[in-house]
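*Asks:* Quick one, structure for this:
(chains A, B, C and D)
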Protein chains: 2
Amino acid sequence: MRTVPRPALTSTSKGVFRVPASCFADRLGDLIPLSPAEQAALARLEERERHLKRGAVLVRENDPAPEMFILRAGSMMSYVLLDNGSRQILRFLFPGDMVAITGLVYRDAPENVIALTDCTVAPFEKPALSRIVVEHPRLAALMVVYNQIERMALTDRLAGLGRSSAKARVAAILLEIRGRRRIVDREIGDSFLLGLTQEEIGDATGLTSVHVNRMFRQLENEHLIARENGRVTILDERALARTANFVNRYANLDLSWLPEPR
Amino acid sequence: MRTVPRPALTSTSKGVFRVPASCFADRLGDLIPLSPAEQAALARLEERERHLKRGAVLVRENDPAPEMFILRAGSMMSYVLLDNGSRQILRFLFPGDMVAITGLVYRDAPENVIALTDCTVAPFEKPALSRIVVEHPRLAALMVVYNQIERMALTDRLAGLGRSSAKARVAAILLEIRGRRRIVDREIGDSFLLGLTQEEIGDATGLTSVHVNRMFRQLENEHLIARENGRVTILDERALARTANFVNRYANLDLSWLPEPR
DNA sequence: CGGTAAATTGACCTGGGTCAATAAATGTGG
DNA sequence: CCACATTTATTGACCCAGGTCAATTTACCG
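*Replies:* Numbers count the residues shown, from 1 in each chain, chains lettered A, B, ... in the order given. Below is the predicted model:
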């Protein structure tokens, strides 16, 4: 669904939430309008559902990885563990994201995926994707597009880890999480629920939780952000984006070359 | 071509090198045998050629990016420049690699690509790729597979930058470069031409050239590697891989789900 | 053979890590 | 709704891996 039921939010007036046939179709539909046949094909990926409690492990590194998933509700993260015992968080996942797509390629999972909140995922197998690629070339092309966008996002994080300061990295992750949540819930403005511990932010940015805390305080002292509990409010977006070296990778796309839909 | 003409190598007995119709087809062919029709389709991407001198800029960040390329000979690198003036190298490119595929998605290039040695590239346009996706679903799927492998490679580098020591990062890049060169030239053993300055290694690993130098010396003192000029010899591969936290992402693939070739 | 780029090395400095002690917040069972 | 248990957040004191600066040396190049 587009909005995760969180009491603090007022994005939907009622307690009942509309659940689209395919969260993934909604996401690709943000790039370009899909044909009914394409929507139907994607909906078939989300026919089954599985529910996970917060903290549940969906995929464990080195275990066989026969399934892939679309995240339908809640949030998750993927990470790897190094032999020195430390954790590198690779990606935070939100509704509409493909989860564990690496399963498409590797016999055993190269990363862990766990639920950050209670969530709903739709599992599917490799032949299902194969069928879509054959029957809907434009969807195949869109998946390539999606991969590329994600590759650029990874690339930005790489540049952040390699070449920017702790403050910049923390600022960047705030903008990233806000942007990601906004894709799912258009109502989100400058104030949003972070939904991550400082240790998680550290493991995503290559810092210690202690230093993440210091950077939060610094951003607060400079009036770039404000915090109350897990909620962050961006006070000076321009300044925050400047310190973060932020680039919006969902802007300036050129999809004019896509083949005809079926 | 599979082998770059470098005088020091003896991989081919004569001075004449066989140039395959499609370097990219050769690369995908390492994953799974391609049908004649598939090979022909890929060969069409490499009908034109362009030659670049060492140091030449193929793609400049923020310039319009209408073209994509297959690297046919030589080596290149892609990087971004941050406002603080520092450079993050994203990827080293070798024959058979797709170059500037981000052009498929973005109107303006998000990264720079320059030639590290004199090289040959084959330019093609977006509709060419679109045609392949429509006519050869299995090739579309293989491109998705390739994207995923590259995503894991990026991910490994991310984990390296975020969570491992300078020594581990330098060890990792040595193993990576050796592995990449070996894909192109099967004759390469434990000794290989690095082809990168210490500053470039630093910009790829998030270190300064000075510290890269110190790490080289340390690896040398511990008898993990030896060096003469630009040539590196791996003396103790197991130990090097251990300090590097190295994982071979081209192993353990599962491509049994791919659709039928055409 | 000069001239420029790259590699090396030493001396010294700092951003971010480590350790440890508290304080808040969040859950949990009753 | 309360008392206790477990995470999470915060802060201070101190340390070190890796950065900075600067001086040579070495390799490469026309």
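
*Asks:* Report the contact partners of the residue most central in space within chain A.
*Replies:* Nearest to the mean C-alpha position of chain A, by Cα atoms, centre = their mean, lies A:Leu93 at 3.2 Å. Residues in contact with A:Leu93 (Cβ atoms under 8 Å, 6 or more residues apart in numbering or on different chains) are A:71, A:75-78, A:99, A:113. Bear in mind the C-beta positions are built from the backbone N, C-alpha and C, glycine included.

*Asks:* Would you mind measuring from the nearest residue to it once chain neighbours are set aside to A:Pro123?
*Replies:* Spatially, and ignoring its direct neighbours in sequence, A:Leu93 is nearest to A:Met76 (4.2 Å; Cβ to Cβ, 6 or more residues apart in numbering or on different chains). Counting by Cβ to Cβ, to the nearest Å, the gap from A:Met76 to A:Pro123 is 13 Å.

*Asks:* State the pLDDT value of A:Ser165.
*Replies:* Looking at A:Ser165, its pLDDT is 98.

*Asks:* residues near it, how many?
*Replies:* Number of residues near A:Ser165 (other Cβ atoms under 10 Å in any protein chain shown) recorded here: 13.

*Asks:* Phi, psi for it please.
*Replies:* Note on A:Ser165: its backbone torsions stand at phi -70, psi 170 [degrees, to the nearest 10].

*Asks:* Domain-wise, how is chain A divided?
*Replies:* Domain assignment for chain A, taken from automatic domain parsing, gives A:23-135, A:165-244.

*Asks:* Export those as CSV, with columns for distance to B:Tyr106.
*Replies:* Listed next are the domains of chain A as CSV, based on distance: least, Cβ to Cβ, whole Å:
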stretch, distance to B:Tyr106
domain A:23-135, 13
domain A:165-244, 17
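
*Asks:* Output the contacting helices and strands for the longest helix that chain A contains.
*Replies:* Longest helix in chain A by number of residues (criterion: DSSP state H): helix A:137-163. Counting contacts by 3 or more Cβ pairs under 8 Å, 6 or more residues apart in numbering or on different chains; DSSP states H and E, helix A:137-163 packs against helix A:23-31, helix A:36-43, helix A:126-135, helix A:166-184, strand B:87-93, helix B:126-135, helix B:137-163, helix B:198-205.

*Asks:* TSV for these, including distance to A:Ile89?
*Replies:* Below are the helices and strands packed on helix A:137-163 laid out as TSV (distance: least, Cβ to Cβ, whole Å):
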stretch	distance to A:Ile89
helix A:23-31	21
helix A:36-43	28
helix A:126-135	26
helix A:166-184	10
strand B:87-93	19
helix B:126-135	33
helix B:137-163	8
helix B:198-205	20
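
*Asks:* Now render the ones you listed as TSV, adding distance to DNA strand C.
*Replies:* Below are these laid out as TSV (distance: least, Cβ to the nearest atom of the strand, whole Å):
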stretch	distance to DNA strand C
helix A:23-31	24
helix A:36-43	33
helix A:126-135	35
helix A:166-184	4
strand B:87-93	13
helix B:126-135	34
helix B:137-163	9
helix B:198-205	3
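
*Asks:* re the thing from before, the longest helix of chain A versus helix A:23-31: what angle between them?
*Replies:* Note on geometry: by axes from the mean of the first three to the mean of the last three Cα atoms, to 10 degrees, helix A:137-163 and helix A:23-31 are set 80 degrees apart in direction.

*Asks:* Around DNA strand D, pick out the residues from chain A.
*Replies:* Where chain A comes near DNA strand D, counting by Cβ under 7 Å from any atom of the strand, the residues are A:197-199, A:209-210, A:213-214, A:216-217, A:227, A:230.

*Asks:* Try it again at 10 Å.
*Replies:* Contact residues, chain A versus DNA strand D (Cβ under 10 Å from any atom of the strand): A:54-55, A:116, A:162-163, A:194-202, A:208-218, A:220-221, A:227-230.

*Asks:* ok, back up a step: check the gap between the residue nearest to A:Leu93 and A:Val121 for me.
*Replies:* Using Cβ to Cβ, A:Met76 is found at 8 Å from A:Val121.

*Asks:* thinking again about what came up before, relative orientation of the longest helix of chain A and helix B:166-184 in degrees?
*Replies:* 140 degrees.

*Asks:* rewinding a little: put the buried members of the contacts of A:Leu93 into a PyMOL selection.
*Replies:* Applying 16 or more other Cβ atoms under 10 Å in any protein chain shown to the contacts of A:Leu93 leaves a buried subset, and the PyMOL line that selects it is:
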select buried, chain A and resi 71+75+76+77+78+99+113
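
*Asks:* quick one: which of the contacts of A:Leu93 is nearest to DNA strand D?
*Replies:* A:Met77 (12.6 Å; Cβ to the nearest atom of the strand).

*Asks:* so does stretch A:51-61 get close to DNA strand C?
*Replies:* Yes: residues of stretch A:51-61 are located near DNA strand C by Cβ under 10 Å from any atom of the strand, namely A:53-55.

*Asks:* and what of stretch A:103-117?
*Replies:* Yes: using Cβ under 10 Å from any atom of the strand, stretch A:103-117 reaches DNA strand C at A:Thr117.

*Asks:* Surely A:Val121 is within a strand?
*Replies:* Yes: counting by DSSP: H, G, I helix; E, B strand; the rest coil, A:Val121 is located in a strand.

*Asks:* if we can go back for a sec, out of the residues of stretch A:51-61 next to DNA strand C, who's the most crowded?
*Replies:* A:Arg54 (12 neighbours).

*Asks:* Hmm, that one is touching A:Ala115, no?
*Replies:* Yes: the criterion here is Cβ atoms under 8 Å, and A:Arg54 meets it with A:Ala115 at 5.7 Å.

*Asks:* near chain B, which residues of the stretch 1-150 of chain A?
*Replies:* A:80, A:82-84, A:86-88, A:90, A:101-102, A:104-108, A:110-111, A:125-127, A:129-131, A:133-134, A:137, A:140-141, A:143-145, A:147-150 (Cβ under 8 Å from any Cβ of the partner chain).

*Asks:* For PyMOL, write the select line for the buried members of these.
*Replies:* Buried members of the residues of the stretch 1-150 of chain A next to chain B can be picked out in PyMOL with the line below, counting by 16+ other Cβ under 10 Å:
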select buried, chain A and resi 80+86+87+88+90+101+102+104+105+106+110+111+126+129+130+131+133+134+137+140+141+143+144+145+147+148+149+150
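
*Asks:* and the residue lying closest to A:Gln88 once chain neighbours are set aside, what does it touch?
*Replies:* Here the nearest residue to A:Gln88 in space, its sequence neighbours aside, is B:Ala159; by Cβ to Cβ, 6+ apart that works out to 3.9 Å. If you count contacts by Cβ under 8 Å, 6+ apart, B:Ala159 has them with A:80, A:82, A:88, A:90, B:245.
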